[in-house]
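Student: Provided below for reference: sequence and predicted model.
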Amino acid sequence: MSNIKIKSKNLDVFYGDKQALFDVNLDLNEKEVTALIGPSGCGKSTFIRCINRMNDVIDICKVTGNIEMDGMDINDKNLDVVALREKVGMVFQKPNPFPKSIYDNISYGPKIHGKGETKSELDEIVENSLRKSALWEEVKDRLDEPGTSLSGGQQQRLCIARAISVNPEVILMDEPCSALDPIATAKIEELIDELKKTYTIVIVTHSMAQAVRVSQKTGFFHLGKLIEVGKTEKIFKNPDNKMTQDYITGRFG
Amino acid sequence: MTKEERLKKRHQAEKRFRFYGLTSIFVALLFVVILVQNIFSKGSSAFKKTVITTEIFFDQELLEIQNGASEEDIMEADFYDLMIENLIKAYPAKDRDEEDELLRLFSGDAEIEIKKAFLKDNNLIGKTITLDLTASDDIDQLHKGNYPRDLPEERRRISDFQLVIYDYFVENKKISKNFNNYFFNNGDSRDPELAGIGGALVGSFYSILICLLLAFPVAVLASIYLEEFAPKNKITDFIEININNLAAVPSIVYGLLALQILLATIQLPRSTPLVAGITLALMTLPRIIIPCRASLKAVPPSIREGALAVGASKFQSVFHHVVPLALPGTLSGTIIGLAQALGETAPLILIGMVAFVVDIPSSPVDPSSSLPVQVYLWSESAERGFVEKTSATIMMLLTFLIVMNFVAVYLRQKFEKRWN
């Protein structure tokens, strides 16, 4: 059994008066892929946005309860979110490269964190990040072209490279393949398999098949509650809960 | 109703709509063409002035200075007698009355024009040169065909005798049209042939410069703070509503405000580009904040999230990513706001820019006019010479506005980056 990287206890999230997460207790294992599944609006994305405090951006959002990473309280008001987000990277549903060159997209993170003092160090970080995201061979000759000129799948891998560039411990992926075609999706999934050797990965997905392919652990959310969590094989073959059973067999969702 | 009938009706509705749309565009274009045609036909002649080619003999006896005199001596010297002696030779006049009428065909600056020729070459004494002297407004308008000469004499500003002299000049090819440098270089004047927009141009330039320096940084910082950093609560809502209200406040109200606060209370100098600039800045501020905020709002949130997710601070995500992307929209909003300020008249009239200022301002605290106020001033003058000058000033003003708007569109299209 691997170590627990992130641990949430009695986590509640409110958007104004509306409660979006109810008492979520979920442990994420180190260097493993955890998939979060469930119908739209069930709180999967809300949950992963708690891990890097992206919910801070939303004024009316209030988070209570406990969420820890390596024993550090993420919800602590005094915690420096900049330092937290350096450790917890994120990839979004829609590829969102900066409208800058490919090189600048990757080098931006290291620059603001003071990693890579010299040009050659930065070059190295950019190359490594692009290699890890399996994009290097495709873009090595046109690093100064705008990141937005790439195809959708390449853009998403660029965003993954951007997340990797600051050398995080955890990578959050919010439906990273929902805007991509099957071939690009396959590439990303291959990549996730490779990345889990180095990083703890949480992926929100609507594709049951994808959850089965990439994850070791799966959590099923419904209406803001974590219904069931366990090893991926068990969840998809032999879930304990009737609702999980109904969802994975496509009876609702 | 059958299916065919209904289909036919739908097509007819579309046809009717297209017809209405085309008609409105045609009507709008027609008005623009009439306006521009009217201004051009009246104003284009103001860029030329009528000159009378005259022989000037620099008679030592009529001048107190010698060849090679210094610039200061020349400036102080009296050229009046020299001018009179030379001008009356332009036409064989019989008596003093006729000579007076002849002299009135030249502009009030004839003496200065002769002096300037001597300033250029101070060895002219004893020599004769031919000079193109500016004609009076009456001759100018007559020569440009704006003055009806078939009116009875008592209803004309030009006497029959002056018409005889004019015809003599035309016959001897002594009268011609030159580029009107006075229109661009001179300040205002009571004499239309000497009046120019030089003072108004400089005044407008200073006013807009001060307006830009005050309004742009304040508007941009206020927009960035309100859009990106301010909490969304009742106070910011209230501020937002009031910015929109301020943008709709009639400009004359800002003039009243400036009159009370800047002139009466703080006692800044009246009629100056400084006060005009501050007033226009107050007026322009909300008109820049609105497009600035709109362009900040148009930057997709995914860019902000992308920056935050790699660990950028709020400040970094705003200034490294959002502001550069919003800059083209911000700049074009600013330019359009300034273009509005450039054409603003009412508040400037209230703060005394409507004063008659002959000198070209050398600093923003000198009394001055501005282009739109100059239009207003001249449009009220009776002389025919001011009619064409009014239209010509409008042409200049419109040129500046069109250029500014063009720059705004260019900036937006050139530097706007596409996301996705």
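Tutor: All right, it came through fine.
Student: how distant is the one helix or strand A:D27 maps to from the center of its chain?
Tutor: Assigned by DSSP states H and E, A:D27 falls within strand A:18-29. Put simply, strand A:18-29 sits 16 Å off its chain's centre (Cα atoms, centre = their mean, to the nearest Å).
Student: and the angle from whichever helix or strand comes after it to strand A:18-29?
Tutor: Counting by DSSP H and E, the next helix or strand C-terminal to strand A:18-29 is strand A:33-37. For strand A:33-37 against strand A:18-29, the angle between stretch directions is 150 degrees (axes from the mean of the first three to the mean of the last three Cα atoms, to 10 degrees).
Student: what pLDDT, on average, does strand A:33-37 get?
Tutor: In this model, strand A:33-37 has an average pLDDT of 95.
Student: Tell me which other helices or strands it touches.
Tutor: Secondary-structure packing of strand A:33-37 (3 or more Cβ pairs under 8 Å, 6 or more residues apart in numbering or on different chains; DSSP states H and E): helix A:44-51, strand A:200-204, helix A:208-214, strand A:217-222. Bear in mind the C-beta positions are built from the backbone N, C-alpha and C, glycine included.
Student: Check what contacts the third one and list those residues.
Tutor: In other words, helix A:208-214. The contact list for helix A:208-214 (Cβ atoms under 8 Å, 6 or more residues apart in numbering or on different chains) reads A:33, A:35, A:37, A:177, A:185, A:189, A:192-193, A:203, A:205, A:218, A:232, A:236, A:248.
Student: Narrow these to just the buried residues.
Tutor: A:33, A:35, A:37, A:177, A:185, A:189, A:192, A:203, A:205, A:218, A:232, A:236, A:248 (16 or more other Cβ atoms under 10 Å in any protein chain shown).
Student: right, and the pair among those residues with maximum separation?
Tutor: Put simply, by Cβ to Cβ the two of these set farthest apart are A:I192 and A:I248, 20.1 Å from each other.
Student: residue contacts, residue 104?
Tutor: I went with chain A, as the question did not name one. By Cβ under 8 Å, 6+ apart, A:D104 lies in contact with A:F98, A:G147.
Student: Please refer instead to chain B.
Tutor: B:R104 makes contact with B:S136, B:D138, B:Q162, according to Cβ under 8 Å, 6+ apart.
Student: Give me the pLDDT for B:S70.
Tutor: At B:S70, the pLDDT value in this model is 86.
Student: wait, B:Q316
Tutor: 94.
Student: Now it: closest residue in space that isn't a chain neighbour?
Tutor: Spatial nearest neighbour of B:Q316, excluding adjacent residues (Cβ to Cβ, 6 or more residues apart in numbering or on different chains): A:I112 at 5.8 Å.
Student: with the contacts of helix A:208-214 in mind, which one is nearest to chain B?
Tutor: Set against chain B, the nearest of the contacts of helix A:208-214 by Cβ to the nearest Cβ is A:I203 (15.0 Å).
Student: That closest one contacts A:M173, correct?
Tutor: Yes. A:I203 is in contact with A:M173 according to Cβ atoms under 8 Å; the separation is 4.3 Å.
Student: Quick check: neighbours shared by these two?
Tutor: Counting by Cβ under 8 Å, 6+ apart, the common neighbours of A:I203 and A:M173 are A:I192.
Student: which residues does the residue most central in space within chain B contact?
Tutor: The residue lying closest to the centre of chain B (Cα atoms, centre = their mean) is B:L371, at 3.4 Å. Counting by Cβ under 8 Å, 6+ apart, B:L371 touches B:I197, B:A200, B:L201, B:G203, B:S204, B:L342, B:G343, B:T393, B:M396, B:L397, B:F400.
Student: Doesn't the second one belong to a helix?
Tutor: To tie it back to what came earlier, the one meant is B:A200. Yes. Residue state for B:A200 (DSSP: H, G, I helix; E, B strand; the rest coil) corresponds to a helix.
Student: Surely it is in contact with B:I394?
Tutor: No. Using Cβ under 8 Å, B:A200 is not in contact with B:I394, being 11.9 Å away.
Student: Comparing the two, which shows the higher neighbour count?
Tutor: Neighbour totals were compared for B:A200 and B:I394, and B:A200 leads with 28 against 23 (other Cβ atoms under 10 Å in any protein chain shown).
Student: which strands and helices sit next to the longest helix anywhere in chain B?
Tutor: Across chain B, the longest stretch assigned as helix under DSSP state H is helix B:3-43. Applying 3+ Cβ pairs under 8 Å, 6+ apart, one finds that helix B:3-43 contacts helix B:384-415.
Student: Around chain A, pick out the residues from the stretch 101-250 of chain B.
Tutor: Within the stretch 101-250 of chain B, the positions adjacent to chain A are B:P231, B:K232 by Cβ under 8 Å from any Cβ of the partner chain.
Student: any idea how far B:V310 is from the residue nearest the centre of chain A?
Tutor: Centroid-nearest residue in chain A: A:L172, 1.5 Å away (criterion: Cα atoms, centre = their mean). Using Cβ to Cβ, to the nearest Å, A:L172 is found at 12 Å from B:V310.
Student: Can you check which residues contact both of the two?
Tutor: With Cβ under 8 Å, 6+ apart as the test, A:L172 and B:V310 both reach A:G89.
Student: Number of residues surrounding A:L79?
Tutor: By other Cβ under 10 Å, the residues close to A:L79 number 13.
Student: before we move on, the earlier item: and the pLDDT at the residue nearest to the centre of chain B?
Tutor: For B:L371, the model assigns a pLDDT of 94.
Student: And for the one 10 residues further on?
Tutor: Looking at B:S381, its pLDDT reads 89.
Student: give the contact list for it.
Tutor: B:P192.
Student: re earlier: what's the separation between the residue nearest to the centre of chain B and chain A?
Tutor: Note on B:L371: its distance to chain A, by Cβ to the nearest Cβ, to the nearest Å, is 39 Å.
Student: if we can go back for a sec, among the contacts of helix A:208-214, give me the pair with the biggest separation.
Tutor: Distance extremes for the contacts of helix A:208-214: the farthest pair is A:D193 and A:I248 at 21.3 Å, using Cβ to Cβ.
Student: where exactly do the helices run in the stretch 1-150 of chain A?
Tutor: Using DSSP state H, counting those that start in this stretch, the helices assigned to the stretch 1-150 of chain A run over residues A:44-51, A:81-87, A:102-112, A:119-132, A:136-139.
Student: could those be laid out in CSV, adding distance to B:Y376?
Tutor: CSV is the format used below for the helices of the stretch 1-150 of chain A (distance: least, Cβ to Cβ, whole Å):
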stretch, distance to B:Y376
helix A:44-51, 60
helix A:81-87, 57
helix A:102-112, 52
helix A:119-132, 60
helix A:136-139, 61
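Student: Check which helices and strands the helix-or-strand element of chain B with minimal mean pLDDT sits against.
Tutor: Least confident helix or strand, chain B: helix B:71-76 with a mean of 87, by mean pLDDT, DSSP states H and E. Counting contacts by 3+ Cβ pairs under 8 Å, 6+ apart, helix B:71-76 is packed against helix B:110-120.
Student: Distance from the chain centre to the helix it packs on, please.
Tutor: Distance, centroid of helix B:110-120 to centroid of chain: 29 Å (Cα atoms, centre = their mean).
Student: For the helix or strand following it, which strands pair with it and how are they oriented?
Tutor: Downstream of helix B:110-120, the first helix or strand assigned by DSSP H and E is strand B:128-134. In the sheet, strand B:128-134 lines up against strand B:48-57 (antiparallel) (DSSP bridges).
Student: export the partner strand as CSV, just CAs?
Tutor: This file holds the C-alpha atoms of strand B:48-57, laid out as CSV (Å, rounded to 0.1, in the frame of the first residue of the first chain):
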residue,chain,number,x,y,z
LYS,B,48,-5.1,79.7,-50.3
LYS,B,49,-4.7,83.4,-49.9
THR,B,50,-4.8,86.2,-52.4
VAL,B,51,-1.6,88.1,-52.8
ILE,B,52,-0.8,91.3,-54.7
THR,B,53,2.6,91.3,-56.4
THR,B,54,4.1,94.7,-55.6
GLU,B,55,7.4,96.3,-56.4
ILE,B,56,9.2,97.6,-53.3
PHE,B,57,12.0,100.1,-53.5
